[in-house]
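Peer 1: Below is the sequence, then the predicted model.
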Amino acid sequence: MPLSWFACANCGFWQHHFAPPDCPVCSDVRNDLPADGWRFLPEHEVAAMHEGDAREVAPGLWAFTTRPALGLAGTGWLIVREGGNIAFEAAPYYSDAMLDRIATLGGVAFLSASHAHGYGALFQLQRRFDPAIVAIQRDDLSMTKAFRVTAPFDDVLELAPGYTLHHVGGHYAGQACLHDAPGGRLFCGDMFKIDQDGDGRSQSISSHKAFHKDIPLTHAELRRYRDTIAPLPFDALLTPFEYAPDIGRDTALAALDEGLARAPGVKRLPL
């Protein structure tokens with residue numbers, strides 16, 4: 001079998017491989033194994049089954065999603081800016097039309113993601129736009145076989161003036177967030193899970209190692225989250241799955257403080 005890209009039919013994680021023996025995301029404690037065994041979809045099969053959508057959710061901020069849902073069904077964010085666009089996280093798959101839309105918006109100059117749950121089809125963005133900077137925190141490099149990391153980083157990396165990656169760990173060893181100072185936004189990865197209603201209004205907020213497995217973070221992990229984001233001003237929170245313009249730094253810090261004030265445990269804090 002020739003070397004190609006394959007998506008896990010269970011979670012959507014992509015591997016550049018001959019024939020993947022298993023999926024490192026599904027095999028991890030944070031996810032469930034597929035009940036019917038491994039099935040890996042070659043890129044041409046995914047292309048035949050999926051399209052996608054692009055929408056501008058705020059001025060200069062675009063969300064790219066795959067339709068129908070694939071795997072974890074994350075969102076690819078694109079910040080359109082002078083000096084080069086920034087893509088953070090990736091959609092599970094990009095159709096030609098989605099890639100063409102990104103091209104008309106100016107392509108991708110800087111590419112990054114918080115951790116493996118947000119990688120999506122990041123390899124497609126690298127393959128099409130060849131950004132010089134593809135930044136992943138060093139502790140998660142083992143999960144990046146589908147694409148080439150050009151800028152591994154330690155604790156902090158400024159992608160562009162005002163756009164800074166911060167290593168936070170916790171949910172994943174190499175998890176990082178992106179602080180968008182000009183936009184007043186924090187792309188937080190899975191530091192937080194936001195439950196929203198059908199109109200996109202945020203209902204509750206939580207932090208977790210693995211929410212559906214009820215595995216909580218330790219106090220040290222929550223404290224690291226807090227220490228990292230406390231100095232960062234933001235009025236909107238973006239996970240790989242939710243856009244929450246109604247959650248700013250004060251609310252995020254209050255959620256972490258609530259978790260630090262009790263025994264570790266997974267809890268949705270009503271908003």
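Peer 2: On my side now, so go ahead. What you are looking at is a predicted structure, and each value in this text was computed from that prediction instead of being measured. Residues are numbered from 1 along each chain as shown.
Peer 1: Which other helices and strands does the worst-scoring helix or strand of the chain on mean pLDDT contact?
Peer 2: Within the chain, no helix or strand scores below strand 269-270, which has a mean of 92 by mean pLDDT, DSSP states H and E. Judged by 3 or more C-beta pairs under 8 Å, 6 or more residues apart in numbering; DSSP states H and E, the packing partners of strand 269-270 are strand 202-206, helix 249-260. Using the backbone N, CA and C atoms, a C-beta is placed for each residue, glycine as well.
Peer 1: run the last query once more with 7 Å
Peer 2: Applying 3 or more C-beta pairs under 7 Å, 6 or more residues apart in numbering; DSSP states H and E, we find strand 269-270 packed against strand 202-206.
Peer 1: buried residues in the strand it packs on?
Peer 2: 202, 205, 206 (16 or more other C-beta atoms under 10 Å).
Peer 1: Quick one: residues contacting the residue lying closest to the second one once chain neighbours are set aside.
Peer 2: So that's residue 205. Nearest residue to residue 205 in three dimensions, chain neighbours excluded: residue 255, at 4.7 Å (C-beta to C-beta, 6 or more residues apart in numbering). By C-beta atoms under 7 Å, 6 or more residues apart in numbering, the contact list for residue 255 reads 205, 207, 269.
Peer 1: now the last one, which residues is it bridged with?
Peer 2: In other words, residue 269. Going by DSSP bridges, residue 269 is paired in beta bridges with residue 205.
Peer 1: Grab the nearest non-local neighbour of residue 173.
Peer 2: residue 139 (4.2 Å).
Peer 1: scratch that, residue 132 is what I was asking about
Peer 2: residue 150 is the one closest to residue 132 (C-beta to C-beta, 6+ apart), at 6.6 Å.
Peer 1: give me the number of residues near residue 9?
Peer 2: 19 (other C-beta atoms under 10 Å).
Peer 1: Distance of it relative to residue 41?
Peer 2: 5 Å (C-beta to C-beta, to the nearest Å).
Peer 1: What of residue 205?
Peer 2: 34 Å.
Peer 1: Can you show me the strands along the stretch 101-250 of the chain?
Peer 2: 110-112, 133-135, 156-160, 163-167, 176-180, 185-187, 193-196, 202-206, 236-238, 243-244 (DSSP state E, counting those that start in this stretch).
Peer 1: confidence score at the closest residue to residue 147 other than its chain neighbours?
Peer 2: Once flanking residues are discounted, residue 147 sits nearest to residue 123: 4.2 Å by C-beta to C-beta, 6+ apart. In this prediction, residue 123 carries a pLDDT score of 98.
Peer 1: same deal with residue 1?
Peer 2: For residue 1, pLDDT reads 67.
Peer 1: Mind listing what's buried along stretch 34-48?
Peer 2: So, applying 16+ other C-beta under 10 Å, buried residues of stretch 34-48: 40, 41, 43, 46.
Peer 1: pLDDT on that stretch, on average?
Peer 2: 95.
Peer 1: Only alpha carbons, please: show that stretch as CSV.
Peer 2: C-alpha atoms of stretch 34-48 as CSV (Å, rounded to 0.1, in the frame of the first residue of the first chain):
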residue,chain,number,x,y,z
PRO,A,34,-14.0,2.1,18.2
ALA,A,35,-16.5,-0.6,19.1
ASP,A,36,-16.2,-2.3,15.7
GLY,A,37,-12.4,-2.2,15.4
TRP,A,38,-10.0,0.0,13.4
ARG,A,39,-11.1,1.5,10.1
PHE,A,40,-8.9,4.1,8.3
LEU,A,41,-10.2,6.2,5.4
PRO,A,42,-7.8,7.1,2.6
GLU,A,43,-8.0,10.7,1.6
HIS,A,44,-9.9,10.1,-1.6
GLU,A,45,-12.7,8.4,0.3
VAL,A,46,-13.0,11.3,2.7
ALA,A,47,-13.0,13.7,-0.2
ALA,A,48,-15.8,11.8,-1.9
